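# The following comprises the amino acid sequence and a computationally predicted model.
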Amino acid sequence: MVSSGQLELALPGFGPTAPDLASYDWLLANVSAGKDSQAMLAELVRHSRAAGVLDRIVVVHADLADAEWKGTRDLAAEHAAHYGLRFEVVARNGSGLIDRIEERGMFPSADNRWCTSDFKRGPVRRLMTRLVREAEAAGHRGRVRILNVMGLRADESPARRRLLAFSHDGAYTCPCSYCAPRRAIADDHQARGLPVPKHAKTGWGASNTLRHVDTWLPVHTWSTADVWSTVKESGLRVHPAYAAGMPRLSCVFCVLASRSALVRAAQLQPELAARYAALEARIGHRFKNDLSMAEIIAEAEASPEITAVACWQG
């Protein structure tokens, strides 16, 4: 499907076709069970079937336990099973998100989204390591090529609008022709005590000496209408949180969510909201700088059922 919106004309890294899927050993589809993940998975399956590499898809869900909507993990598994795909669940080693907030004594924020790195990016990279070992055990020689596929869309935030629809997930230890020259420049500047220029920074991506990782965002330029149209055509079941008024399926209480979304979530999950409020009181740190969970609960209890929930960016 090609987006019916106008975004694609202004976006870098966008092309009308998929990457060469057959050049990758694994196609790793990151799913949350939300609408964008559903649309992404449908699009990936469509292209993979055409390329004859459907069997290379591994669907992965980063389990956030109590912090995510009930039934999310099971629904993600259902979406993978709909296409007959392998399904993997990953999670952070140690405490869950809510307990981790207490351990750190602080909630995540827009400027410090440690929840994403700790509970999604890190666990997914451990799965990549396991997939590399599987490929090696099956006789693969050389670096294992992985295409990391996500359902991020440009109209979700200014930061996501700046992302490339296709990019290399470069890193200092990656020996590819993109990263190696940058590493040489960086080493030279550091040896001379000079700051490393921006164009020479390789980043902290998932690639290394054992694996080459690229990132593809199949629905990057799609509008919300495009997404819902594809979800409807796919026949996949949608999480009931959408019917209850939530515009996105992230954590039940995401620090980036709009006020109305947080209030509606508190109406739908009052026990979880109370747990967050108690945590907030114990650690002495507000859920958001300008909005406490106690205030969210008070507004939820005083308000009628909210039907017009504002979406959010991030």
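Right, received. Where do you want to start? Numbering: from 1, shown residues only.

# For the rest of this, base every contact and every neighbour count on C-alpha atoms.
Will do.

# Look at Asp169 and say how many residues are nearby.
Using other CA atoms under 10 Å, Asp169 has 21 neighbouring residues.

# Name the SS class of the nearest residue to Tyr83 once chain neighbours are set aside, please.
Of all residues not flanking Tyr83 in the chain, Val45 sits nearest, at 7.8 Å (CA to CA, 6 or more residues apart in numbering). Three-state secondary structure (criterion: DSSP: H, G, I helix; E, B strand; the rest coil) places Val45 in helix.

# so where do the strands sit in this protein?
Taking DSSP state E as the test, the strands found in the chain are 26-30, 57-62, 86-90, 144-149, 166-168, 211-216.

# For those, give me CSV that also has mean neighbour count, mean pLDDT and distance to Ala266.
Formatted as CSV, the strands of the chain follow (neighbours: other CA atoms under 10 Å; pLDDT from 0 to 100; distance: least, CA to CA, whole Å):
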stretch, mean neighbour count, mean pLDDT, distance to Ala266
strand 26-30, 24, 98, 27
strand 57-62, 22, 97, 23
strand 86-90, 17, 97, 27
strand 144-149, 23, 98, 32
strand 166-168, 18, 95, 37
strand 211-216, 22, 97, 34
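
# Same list as before, those that is, but in JSON lines and with distance to Glu156 included.
Converted to JSON lines, those look like this (distance: least, CA to CA, whole Å):
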{"stretch": "strand 26-30", "distance to Glu156": "17"}
{"stretch": "strand 57-62", "distance to Glu156": "20"}
{"stretch": "strand 86-90", "distance to Glu156": "25"}
{"stretch": "strand 144-149", "distance to Glu156": "17"}
{"stretch": "strand 166-168", "distance to Glu156": "17"}
{"stretch": "strand 211-216", "distance to Glu156": "16"}
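
# closest one to Arg133 among the ones you listed?
Shortest separation from Arg133 across the strands of the chain is recorded for strand 144-149, at 9.2 Å, computed as CA to CA.

# got the contact list for that closest one?
For strand 144-149, contacts defined as CA atoms under 8 Å, 6 or more residues apart in numbering pick out 21, 23-30, 128, 132, 135, 210-218.

# That one pairs with which strands, parallel or anti?
For strand 144-149, the pairing partners within the sheet under DSSP bridges are strand 26-30 (parallel), strand 211-216 (parallel).

# Let me know the pLDDT of Leu54.
In this prediction, Leu54 carries a pLDDT score of 98.

# Hmm, I typed the wrong one, I wanted Ala308.
The score at Ala308 is 69. That number is its pLDDT.

# next one: Thr221
Among the per-residue scores, Thr221 shows a pLDDT of 95.

# Could you double-check that it lies in contact with Ala154?
Yes: counting by CA atoms under 8 Å, Thr221 does reach Ala154; the two are 5.8 Å apart.

# just to revisit the earlier point, now distance to His199 too, for the strands paired with strand 144-149, in TSV please.
What follows is the strands paired with strand 144-149, written out as TSV (distance: least, CA to CA, whole Å):
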stretch	distance to His199
strand 26-30	28
strand 211-216	19
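
# Out of the ones you listed, the one nearest Glu233 is which?
Across the strands paired with strand 144-149, Glu233 has its closest neighbour in strand 26-30 (19.3 Å, CA to CA).

# Identify all contacting residues around that closest one.
Counting contacts by CA under 8 Å, 6+ apart, the residues outside strand 26-30 that touch it are 21, 37, 41, 56-62, 131, 145-151.

# Report the helix or strand with the lowest average pLDDT across the protein.
In the chain, no helix or strand scores lower on mean pLDDT, DSSP states H and E than helix 114-116, which sits at a mean of 87.

# show me where pLDDT drops low in the stretch 101-250 of the chain?
In the predicted model, the stretch 101-250 of the chain carries no residue with pLDDT under 70.

# before we move on, the earlier item: which one's more surrounded, Thr221 and Ala154?
When neighbours are counted by other CA under 10 Å, Thr221 comes out ahead of the other of Thr221 and Ala154, with 25 against 22.

# Angles on the backbone of the residue of the chain positioned farthest from its centre, please.
Checked against the mean C-alpha position of the chain, the extreme residue using CA atoms, centre = their mean is Arg192, at a distance of 38.1 Å. Main-chain dihedrals, Arg192, degrees, to the nearest 10: phi -90, psi 10.
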